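[1] Next one to model:
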Amino acid sequence: MERYNEEYFILGMPIETDIGTCHFIKVEDYPRLQPFMNYVKMSKLEIINELHKDNKTGKHDMLIEVFQDDRVTLFQISGNLPSFNEAYSEVFSHVFNDDTIMNRISEDNFQQIRQLVMRMNCMKEELINPNPEIQRAWERSKRVKAQDAEMISFSDMATSISVFGSKPSYNAIANLTIYQFFMEYQRIAQGFAYETATLFATVSAEKMKIDSWSKHIDLYQEERHELSQGQFNEIKKAF
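    Numbers count the residues shown, from 1 in each chain. Prediction:
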């Protein structure tokens with residue numbers, strides 16, 4: 001695969017690969033593809049974790065045992081689970097504009113192509129801990145934070161871009177790539193954060209650190225919920 005520079009993803013130009021030209025997903029295609037994208041971004045660990053959650057009757061025991069084998073790859077798993085097979089086919093055929101693209105996906109290039117498609121379209125793997133007890137603790141932490149957090153919907157983001165951005169029409173927003181859409185929303189949010197911090201700095205007696213309105217935005221930054229194994233062991237000792 002040819003080397004690419006993510007700095008230029010914002011321009012929405014397609015990326016040339018060894019198996020064809022990979023295009024960005026546009027906002028207008030997001031409602032149809034988003035359910036499939038949820039499958040594509042799932043790692044092997046997340047698939048196993050989801051099977052564990054749905055295994056109260058033991059119906060997934062055999063699958064879990066097979067998938068936990070280090071020799072079994074995500075490529076093999078995705079090819080043997082119908083929902084994942086369909087999802088990869090839908091997403092890859094769209095971004096490569098080629099209904100036969102899956103014939104050129106192999107164990108050798110699968111992860112490379114998958115990572116490219118995910119990076120181009122703001123998909124990231126869920127952070128999963130292989131220790132089930134620690135994973136459950138992470139998930140409890142996420143649920144607590146979700147209760148306190150303000151929910152922002154896709155339409156909230158679109159209207160924010162329309163009102164506070166370059167004031168594009170909704171037809172123009174639909175023609176943005178997903179990457180451009182999320183980046184523009186985050187830049188607007190950073191701009192407001194800068195203005196708010198600057199305002200408070202004028203009335204505060206304490207020196208405040210103000211991030212620039214043009215600071216680098218990392219769309220793939222992970223929110224930290226987790227405990228380390230050492231921290232988890234210390235908590236267990238306390239009880």
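[2] only C-alpha atoms for contact and neighbour calcs from this point on.
    Fine.
[3] For stretch 9-25, which outside residues touch it?
    1-2, 4, 94-97, 101, 104, 117, 120-121, 177-180, 183 (Cα atoms under 8 Å, 6 or more residues apart in numbering).
[4] same thing but at 7 Å, please
    M1, E2, V95, F96, R104, M120, N121, T177, I178, Y179, Q180 (Cα atoms under 7 Å, 6 or more residues apart in numbering).
[5] Check stretch 43-61 too.
    Residues outside stretch 43-61 that contact it (Cα under 7 Å, 6+ apart) are I64, F67, L74, E125, E126, I128, P130.
[6] Repeat the analysis, applying 8 Å as the threshold.
    Outside stretch 43-61, the residues that touch it by Cα under 8 Å, 6+ apart are I64, F67, Q68, T73, L74, I77, E125, E126, I128, N129, P130.
[7] So the last one lies in a strand, does it not?
    Spelled out, it's P130. No: read with DSSP: H, G, I helix; E, B strand; the rest coil, P130 is coil and lies in no strand.
[8] check contacts around it.
    The neighbourhood of P130, defined by Cα under 8 Å, 6+ apart, consists of L45.
[9] Please tell me how far it sits from N121.
    Here P130 is placed at a distance of 27 Å from N121 (Cα to Cα, to the nearest Å).
[10] Ok, the fifth one next?
    With distances defined as Cα to Cα, the gap from L74 to N121 amounts to 20 Å.
[11] Same check on the first one?
    According to Cα to Cα, I64 stands 29 Å off from N121.
[12] and the two? which has more neighbours close in?
    Between I64 and N121, N121 has the larger neighbour count (other Cα atoms under 10 Å), namely 22 against 18.
[13] how far away is the more buried one from E46?
    On the measure of Cα to Cα, N121 and E46 end up 19 Å apart.
[14] tell me, how many neighbours does F36 end up with?
    Around F36 there are 20 residues (other Cα under 10 Å).
[15] I'd say it and S93 touch.
    No: here F36 does not reach S93: they are 11.8 Å apart, not a contact under Cα atoms under 8 Å.
[16] For this structure, just list every one of the strands.
    Along the chain, the segments classed as strands by DSSP state E run 15-17, 20-22.
[17] Pull up the pairing partners for the first one, direction included.
    Listed by DSSP bridges, the sheet partners of strand 15-17 and their directions read strand 20-22 (antiparallel).
[18] Quickly list the domain ranges of this structure.
    Domain segmentation of the chain under automatic domain parsing yields 6-128, 150-238.
[19] tell me the mean pLDDT over the first one?
    Spelled out, it's domain 6-128. The pLDDT scores in domain 6-128 average 95.
[20] Not counting residues beside it along the chain, what's closest to F92?
    Nearest non-adjacent residue to F92, counting by Cα to Cα, 6 or more residues apart in numbering: I101, 6.9 Å away.
[21] OK, contacts around that neighbour?
    Going by Cα under 8 Å, 6+ apart, I101 touches I19, S89, F92, S93.
[22] re the thing from before, specify the stretch among the domains of the chain that is closest to E139.
    domain 150-238 (8.0 Å; Cα to Cα).
[23] Now that closest one: average pLDDT?
    pLDDT averaged over domain 150-238 gives 76.
[24] re earlier: from the domains of the chain, which stretch is densest packed?
    Mean neighbour count (mean count of other Cα atoms under 10 Å) peaks for domain 6-128 among those, with a mean of 16.
[25] What is the end-to-end distance of that domain?
    Start to finish, the residues bounding domain 6-128 are 25 Å apart (Cα to Cα).
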